[in-house]
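Trainee: Need coordinates for the following:
(one chain, ligands or ions: 1)
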Amino acid sequence: MKISILGSGYVGLCTGVGFALKNNDVICVDIDRKKVDAINSGVTIIEEAGLQEAMKSIGKKLTATTDIATAVRDSSITFVCVGTPSMEDGSIDTKYLENASREIGTSIKEKNDFHIVVIKSTVAPGVIEEKLIPLIEKSSGKKSGDGFGVCVNPEFLSEGTALTDFINPDRIVIGENDKKSGDILESLYKDFSAPIVRTDMKTAEMIKYASNTFLAAKVTMINEIGNICKKLGIDVYDVAKGIGYDKRIGNRFLNAGIGFGGSCFSKDVQALCRSAKQMGYDARILDCILDLNKNQRMRIIELLKLKLPGLHGKHVAVLGLAFKANTDDIRDSPAIDIVSELIKEGCKVSAYDPKAAKNFEKLFPGIKYAKNMKEAVENADACLILTDWSEFMSITDEDFSAMNNKIIIEGRRVLDKSRVKNFEGVCW
Ligand code: UGA
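Mentor: Numbering: from 1, shown residues only. Below is the predicted model of the structure:
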């Protein structure tokens, strides 16, 4: 099939590369000329495992342009993968989606063939039918289900493993208004071995929010269990192992620590919460997840204060700034709140992250960025570990030897007990 994809972030690009690997012809559209040029020369603009190799192997099956009209004209199906950032009140800003809808509509106007628009961007239930379809209808002069079709096909791609997640999905969700469009979209996924769930639009939109909310709740729940375990002297990771074998619970997303970060979980829980409030329903558990997650970040500071009273003027080393390992992404990273608090307390902060330091420096230009872990901890009074980078697993006691004081607290379970003797976990 000939596919066009709007938005070349990690979702758009991995979706494009994934469909090209499945032998489709893909054209990516982005307003950023640099991204377009990079894609056309086969170079990835984002860090995703396996993406560069995959781009090499597909060659010209994936191209890019800044011209949306040509891309829509030369394809039969358009995936929309533009961002839906949070607004001040927690609801999502749909302006990029609205612009895309108008532009797609204008391009569809010129076409004789039936064209399908597939929304991958995350939106609150009802947005596509209430806001986007009317915009496409207006600018195309055609009726949904007649001159064109619209489907929702939420993405479940994690940063860092997005391409593998795309190729090996747990499920494929298709929300549709008309059967013809749903059937065509399903046929595009014929080579994927995953259950296909077909629903109406609103249900598919809700499935995405419900998935992220459940995962955020699971992390929050194990953190709460961990906080209790800490008081009882129990290792929450042993508890997680014990409950994870229960198939009804499952063993993933049970890593306790300083809570979830990233561009999706908080944003989606907030948006769902906001949607519910607008309809007069107070979804208390959602508020609670957000609240507990914020507090969880501060638990490492509370523990630090117990071990190192009078933080003012103390030197604290921070290892790990990214919201999770294998990415340079710091959006809503727990490290942001924790470093802010250290600065507020009057600490001198030195930091090390294998990939995210440059991005962090844009927010915090005043702290010291070290070339490696050893340099970061030199003369430090305490060290906080905030990201589960695999290179931290091989840290030994010797690596901490230049510290003033050996106070080491993990916010993510990463240190190896056989290599490092005296350290503590935030909730283990
Ligand atoms: C998340 C979802 O996992 C994807 O399925 C979804 O498609 C994506 O959001 C999205 O909506 O676009 P992502 O934000 O890349 O993906 O990251 P996750 O791997 O889910 O981790 C989120 C946060 O939770 C990280 O800060 C991570 O460290 C934390 N986490 C995760 C824990 O604290 N404990 C765990 O056991 C698992």
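
Trainee: ok, E159 touching T327?
Mentor: Yes: E159 is within contact range of T327, at 5.1 Å (criterion: Cβ atoms under 8 Å). Bear in mind the C-beta positions are built from the backbone N, C-alpha and C, glycine included.

Trainee: How about the residues of the protein by the ligand?
Mentor: 122, 155-159, 212, 215, 219, 253-255, 257, 260-262, 264-265, 323-324 (Cβ under 6 Å from any ligand atom).

Trainee: Can you get me a residue count around K143?
Mentor: 11 (other Cβ atoms under 10 Å).

Trainee: Report the separation between the spatially closest residue to it that is not a sequence neighbour and V118.
Mentor: Excluding its sequence neighbours, the residue lying closest to K143 (Cβ to Cβ, 6 or more residues apart in numbering) is E137, at 6.2 Å. From E137 across to V118, the span is 17 Å (Cβ to Cβ, to the nearest Å).

Trainee: Show me which of the two is the more surrounded one.
Mentor: V118 (24 against 19).

Trainee: what about the residue nearest to E48 when sequence neighbours are not counted, neighbour count?
Mentor: Distances taken as Cβ to Cβ, 6+ apart place A162 nearest to E48, at 5.2 Å, with adjacent residues excluded. Applying other Cβ under 10 Å, we find 25 residues neighbouring A162.

Trainee: How about G90?
Mentor: Number of residues near G90 (other Cβ under 10 Å) recorded here: 17.

Trainee: Same question for D146.
Mentor: 11.

Trainee: what's the answer for K60, then?
Mentor: Look at K60: counted by other Cβ under 10 Å, it has 9 neighbours.

Trainee: for it, phi and psi?
Mentor: Dihedral pair for K60: phi -80, psi 10, per degrees, to the nearest 10.

Trainee: Against the ligand, how distant is it?
Mentor: Look at K60 and the ligand: by Cβ to the nearest ligand atom, to the nearest Å, they are 28 Å apart.

Trainee: swap in K314?
Mentor: Taking Cβ to the nearest ligand atom as the measure, K314 and the ligand are separated by 26 Å.

Trainee: again, but for G149
Mentor: Relative to the ligand, G149 is positioned 24 Å away (Cβ to the nearest ligand atom).

Trainee: In contact with the nearest residue to that residue once chain neighbours are set aside, which residues?
Mentor: Computed as Cβ to Cβ, 6+ apart, the closest residue to G149 that is not its neighbour in sequence is S181, at 2.8 Å. Each residue near S181 by Cβ atoms under 8 Å, 6 or more residues apart in numbering is listed here: 116, 145, 149-151.

Trainee: which ones among these are found in strands?
Mentor: Counting by DSSP state E, the part of the contacts of S181 found in strands is 116, 149-151.

Trainee: List just the nearest of the residues you listed to L188.
Mentor: Ranked by distance to L188 (Cβ to Cβ), those are led by I116 at 9.3 Å.

Trainee: who does the helix or strand hosting V318 touch, helix- and strand-wise?
Mentor: For V318, the enclosing helix or strand under DSSP states H and E is strand 315-319. Applying 3 or more Cβ pairs under 8 Å, 6 or more residues apart in numbering; DSSP states H and E, we find strand 315-319 packed against helix 334-344, strand 348-352, helix 373-377, strand 382-385.

Trainee: how about the ones you listed in a markdown table, adding mean neighbour count?
Mentor: Supplementary listing: the helices and strands packed on strand 315-319 in a markdown table, determined by neighbours: other Cβ atoms under 10 Å:
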| stretch | mean neighbour count |
| --- | --- |
| helix 334-344 | 20 |
| strand 348-352 | 22 |
| helix 373-377 | 20 |
| strand 382-385 | 26 |
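
Trainee: Can you say which of these is nearest to I27?
Mentor: Across those, closest to I27 is helix 334-344 (Cβ to Cβ), at 36.4 Å.

Trainee: helices or strands up against the closest one?
Mentor: Contact here means 3+ Cβ pairs under 8 Å, 6+ apart; on that basis helix 334-344 packs against helix 284-307, strand 315-319, strand 348-352, helix 357-363.

Trainee: Next, the buried residues of the longest helix seen in the chain.
Mentor: Identified as the longest helix of the chain according to DSSP state H is helix 201-232. Within helix 201-232, the residues that count as buried by 16 or more other Cβ atoms under 10 Å are 201-202, 204-209, 211-213, 215-227, 229-230.

Trainee: cool, stretch 128-140 as well?
Mentor: Going by 16+ other Cβ under 10 Å, stretch 128-140 has these buried residues: 128-129, 132-133, 135-137, 139-140.

Trainee: Please save the CA atoms from that stretch in CSV.
Mentor: C-alpha atoms of stretch 128-140 as CSV (Å, rounded to 0.1, in the frame of the first residue of the first chain):
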residue,chain,number,x,y,z
ILE,A,128,-11.9,12.8,16.5
GLU,A,129,-15.7,12.6,15.9
GLU,A,130,-16.5,16.0,17.4
LYS,A,131,-13.6,18.1,16.3
LEU,A,132,-11.4,16.5,13.6
ILE,A,133,-13.9,14.8,11.2
PRO,A,134,-16.0,18.0,10.9
LEU,A,135,-12.7,19.9,9.9
ILE,A,136,-11.8,17.3,7.3
GLU,A,137,-15.4,17.4,5.9
LYS,A,138,-15.4,21.1,5.7
SER,A,139,-12.1,21.5,3.9
SER,A,140,-12.6,18.5,1.6
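
Trainee: Tell me how far it lies from the chain's centre.
Mentor: Centroid displacement of stretch 128-140 relative to its chain, using Cα atoms, centre = their mean, to the nearest Å, is 28 Å.

Trainee: quick one: contacts of that stretch?
Mentor: With Cβ under 8 Å, 6+ apart as the test, stretch 128-140 has contacts from 94, 97-98, 101-106, 108-109, 117, 119, 123, 143-144, 147-148, 150, 152, 175, 177, 201-202, 205.

Trainee: Repeat the analysis, applying 6 Å as the threshold.
Mentor: 98, 101-102, 105-106, 108-109, 119, 144, 150, 152, 201 (Cβ atoms under 6 Å, 6 or more residues apart in numbering).
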